[in-house]
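Participant: Here is my input; please provide its structure:
(one chain, ligands or ions: 1)
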Amino acid sequence: MTAFFMRNAISVLIHFTRYYLIFKESTLKTINISGNSNLHSYFSLRFLLALFLFILHITVTAQQVSLKRVIAVTFDDLPMVRSRSNEDTRAITIAIINAVKKHHIPAVGFVNTAKLEMDGKLSLERQRILNLWLENELELGNHTYSHPEFHSVSPEIYFADIIRGETPLKEMIEKAGGKLTYFRHPYLHTGRSIALKDSLQAFLINRGYTIALVTIDNAEWIFAAAYDKADKAKDSLLSKQVAKQYIEYMLKKIQYFEICSNELFGRNIAHILLLHANRLNADYFDKLAAALEHTGYSYTTLASVLEDTAYKSADTFTGGGGISWLHRWAKTAGKGKDFFKGEPECPANIMQIAEVDGE
Ligand SMILES: [Zn+2]
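Facilitator: Presented below is the predicted three-dimensional model:
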């Protein structure tokens with residue numbers, strides 16, 4: 001808040017003078033509230049009115065500053081979450097990219113290179129599909145070769161999987177004139193002990209990776225599974241219902257993490273949204289992006305979000321869940337149960353359609 005006043009000192013003076021001058025003598029004489037026209041009471045009234053409007057002005061501006069809404073969008077499990085035909089994968093990829101481009105979003109896609117293979121060999125068609133991201137000037141990051149769980153395999157196996165994922169991806173990115181920069185942990189699993197967590201982090205930094213954290217973690221994958229079931233059953237009414245609930249849920253979830261951010265940092269930090277390359281987003285990311293814009297969000301790059309000082313916060317979380325970094329930082333800072341309450345849950349009907357037991 002101090003920085004806000006410092007930065008805006010000149011603007012503050014201008015606004016106060018403007019409000020002061022707005023109250024011309026004639027206006028006040030017409031109002032004639034005080035009933036007498038002596039210079040002193042006129043001056044006081046004029047001063048008080050100006051002061052009132054001025055306070056109103058800075059309150060509104062300060063609120064706008066603390067409600068600044070900036071977000072980076074990421075899609076995991078490229079080229080597509082579930083293995084489908086090349087035609088399906090291509091159509092879904094194109095639909096997601098079109099929506100991303102329509103909203104001018106510098107999205108980053110995270111790849112599992114095992115999904116580029118067919119019958120144990122790199123598929124040229126799968127590579128061509130993935131290349132659409134690069135052709136559209138969107139960035140790609142490493143999400144391992146086969147999506148292993150760091151919490152259930154040995155570090156040696158996990159590290160080898162990162163390298164196996166890196167090789168074909170790096171080649172594709174460099175061919176397109178880019179550089180492989182980001183890594184995203186599958187399941188957001190970062191290690192069950194400080195030693196494991198540190199060793200993975202050191203390994204990634206050593207290989208030149210920037211770790212793509214997530215603040216808006218969510219149950220979008222359950223909605224996507226429900227949407228796939230409705231789609232398979234050719235139940236268009238149900239598909240629409242799932243999609244409607246998906247957008248409502250995502251907006252509530254973002255609102256919840258804004259509250260967490262305000263409580264932890266005293267402001268709404270720049271966020272990172274985690275989504276997946278699936279049919280639900282192929283059909284509805286456009287609507288979700290429009291809804292986000294409607295709530296005041298603007299889109300930015302992952303690089304610029306990671307520059308927000310919040311992302312330098314300490315994180316000693318070694319729990320089993322793949323939770324938002326806002327929760328990891330809060331747990332590290334010793335926040336109690338109250339901090340975490342009110343998190344929107346995936347609705348029961350969606351879990352039922354998706355045949356999923358828990359988030
Ligand atoms: Zn994933």
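Participant: for the closest residue to Ile216 other than its chain neighbours, phi and psi?
Facilitator: Counting by C-beta to C-beta, 6 or more residues apart in numbering, Ile216 lies nearest to Leu273, which is 4.4 Å off, once chain neighbours are set aside. Using the backbone N, CA and C atoms, a C-beta is placed for each residue, glycine as well. Phi and psi for Leu273, reported as degrees, to the nearest 10, are phi -100, psi 130.
Participant: measure Leu273 to the ion for me?
Facilitator: Note on Leu273: its distance to the ion, by C-beta to the ion, to the nearest Å, is 14 Å.
Participant: Ok, Glu258 next?
Facilitator: 25 Å.
Participant: And the helices in the stretch 251-359 of the chain, which stretches?
Facilitator: Along the stretch 251-359 of the chain, counting by DSSP state H, counting those that start in this stretch, helices occupy 279-294, 302-306, 325-332, 337-340, 348-354.
Participant: go on, the stretch 101-250 of the chain?
Facilitator: Under DSSP H, counting those that start in this stretch, the stretch 101-250 of the chain gives helices at 124-135, 155-175, 194-206, 220-232, 236-265.
Participant: winner for burial among those helices?
Facilitator: helix 220-232 (a mean of 21; mean count of other C-beta atoms under 10 Å).
Participant: Which residues does it contact?
Facilitator: 81-82, 236, 238-239, 241-243, 245-246, 249-250, 274-276, 278-281, 283, 346, 350-351, 353-356, 359 (C-beta atoms under 8 Å, 6 or more residues apart in numbering).
Participant: what's the angle from the longest strand along the chain to helix 124-135?
Facilitator: Ranked by residue count, the top strand of the chain under DSSP state E comes out as strand 70-78. With axes from the mean of the first three to the mean of the last three C-alpha atoms, to 10 degrees defining the directions, strand 70-78 sits at 170 degrees from helix 124-135.
Participant: buried residues in strand 70-78?
Facilitator: Val70, Ile71, Ala72, Val73, Thr74, Phe75, Asp76, Asp77, Leu78 (16 or more other C-beta atoms under 10 Å).
Participant: Check stretch 328-347 too.
Facilitator: Of the residues in stretch 328-347, those buried (16+ other C-beta under 10 Å) are Arg328, Trp329, Ala330, Lys331, Phe339, Glu343, Pro344, Cys346, Pro347.
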